[in-house]
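>>> this is a predicted model, with the sequence first.
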Amino acid sequence: MISVKDIKVVFGRGTPLQKQALNGVSLTIEQGSFVTVIGSNGAGKSTLLGVLAGDVLPSEGQVLIGKSDVTRKSTAARAGLVARVFQDPLTGSCGSLSIEENLALAARRGEKRGLAPALGGNRRGYFRERIAELNLGLENRLKDRMDLLSGGQRQAVSLVMATLAGSEVLLLDEHTAALDPGMAEFVMNLTQKIVAERKLTTMMVTHSMRQALDYGHRTIMLHGGEIVLDVAGENRKNLQVEDLIAMFRKMRGQTLDDDALLIG
Ligand SMILES: Nc1ncnc2c1ncn2[C@@H]1O[C@H](COP(=O)(O)OP(=O)(O)OP(=O)(O)O)[C@@H](O)[C@H]1O
């Protein structure tokens, strides 16, 4: 479960570039629920993920993950609670380490032990099994360096890595945006499967309104650092991308620059 209460984030306070990135965001996401997040450029989407991951400390408000109040905890201190997959396939894993070394590090997230014991005994067999489930043939390449993989393969491995330390929360920051359409669909279907199997509480930022409606249980839209739309259930099922744009316009009483949001 994730719960944020009245979160405010101000960047560059007291400078000419002062920016209120989040302006009183409150949101509760039940355990196992998958929420998609949309919004135009600068709406505050990445800042919200940063607040959950610990990269951004809010100036006001409270962040709960499960029963833990993590509001003032660093990213490292939350590592066992929160897993993250980034837009850039190179960001979430280490290119100069092998696939299995990356998996071993991911499995030990939030702990302080070295790599050797993490790769011992049954662990190696377990990693092989988990990677074989991807059906990409990577189980035969566990000793290959991560930087030999394609972007899509790397995102698929990153998703497996995100599940190894037992985190209940998964944050996805436009994790398919850098992939070609076929690979993006593969990674999205994999995401859906992993989230459902492991009952992960998931927040996915996307620029694709189509993706936002097709995946997950609930969609929120941010604008100007505030939640301006929050839909789930039947209301969401009946929504079309065009409705989303119209609702946005109505709620804000202003014109939305369609170019700011990808419809595809
Ligand atoms: N470290 C920072 N320092 C100063 N301003 C920042 C910083 N990070 C974000 N901002 C500003 O805060 C606002 C929200 O940014 P954020 O990155 O959360 O938006 P976003 O919805 O993720 O946008 P995008 O879709 O373009 O990634 C923007 O105006 C941005 O310029």
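Received the coordinates, thanks. Numbering: from 1, shown residues only.

>>> what distance do you get for the residue nearest in space to the middle of the chain to residue 84?
Nearest residue to the geometric centre of the chain (CA atoms, centre = their mean): residue 172, 1.6 Å. According to CB to CB, to the nearest Å, residue 172 stands 8 Å off from residue 84. C-beta here means a position set from N, CA and C on the backbone, and glycine is covered the same way.

>>> cool, residue 229 as well?
Remark: distance between residue 229 and residue 84 (CB to CB) = 24 Å.

>>> neighbour count winner among the two?
residue 84 (24 against 17; other CB atoms under 10 Å).

>>> am I right that the residue nearest to the centre of the chain sits in a helix?
No: membership of residue 172 in a helix is not supported by DSSP: H, G, I helix; E, B strand; the rest coil, which gives strand.

>>> name the element residue 125 belongs to?
helix 121-132 (DSSP states H and E).

>>> centre of the chain versus that helix, how much separation?
Distance of helix 121-132 from its chain centroid, counting by CA atoms, centre = their mean, to the nearest Å, is 24 Å.

>>> just the helices in the stretch 1-150 of the chain please.
45-53, 99-107, 115-119, 121-132 (DSSP state H, counting those that start in this stretch).

>>> so which of those gets nearest residue 23?
Residue 23 lies closest, by CB to CB, to one member of those: helix 45-53, at 10.6 Å.

>>> just checking, what packs against the closest one?
Counting contacts by 3 or more CB pairs under 8 Å, 6 or more residues apart in numbering; DSSP states H and E, helix 45-53 is packed against strand 2-11, strand 19-29, strand 34-38, strand 60-65, strand 82-85, strand 169-173, strand 201-205.

>>> want to try CSV for those, with mean pLDDT and distance to the ligand as columns?
Formatted as CSV, the helices and strands packed on helix 45-53 follow (pLDDT from 0 to 100; distance: least, CB to the nearest ligand atom, whole Å):
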stretch, mean pLDDT, distance to the ligand
strand 2-11, 97, 3
strand 19-29, 97, 4
strand 34-38, 96, 9
strand 60-65, 96, 15
strand 82-85, 93, 14
strand 169-173, 96, 8
strand 201-205, 97, 7
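
>>> could you export those as JSON lines, including distance to residue 142?
Formatted as JSON lines, those follow (distance: least, CB to CB, whole Å):
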{"stretch": "strand 2-11", "distance to residue 142": "33"}
{"stretch": "strand 19-29", "distance to residue 142": "34"}
{"stretch": "strand 34-38", "distance to residue 142": "29"}
{"stretch": "strand 60-65", "distance to residue 142": "31"}
{"stretch": "strand 82-85", "distance to residue 142": "20"}
{"stretch": "strand 169-173", "distance to residue 142": "23"}
{"stretch": "strand 201-205", "distance to residue 142": "27"}
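
>>> residue numbers of this structure in contact with the ligand?
By CB under 6 Å from any ligand atom, the part of the chain that sits against the ligand consists of 11-12, 19, 21, 39, 41-47.

>>> what subset of the residues you listed is buried?
21, 39, 43-47 (16 or more other CB atoms under 10 Å).

>>> can you give me the end-to-end span of stretch 9-26?
End-to-end span of stretch 9-26 (CA to CA, to the nearest Å): 13 Å.

>>> so which elements touch the helix holding residue 125?
So helix 121-132, by 3+ CB pairs under 8 Å, 6+ apart, packs with helix 99-107, helix 151-164.

>>> would you mind giving those helices as TSV with distance to residue 242 and mean pLDDT added?
Listed next are the helices and strands packed on helix 121-132 as TSV, based on distance: least, CB to CB, whole Å; pLDDT from 0 to 100:
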stretch	distance to residue 242	mean pLDDT
helix 99-107	40	92
helix 151-164	29	94
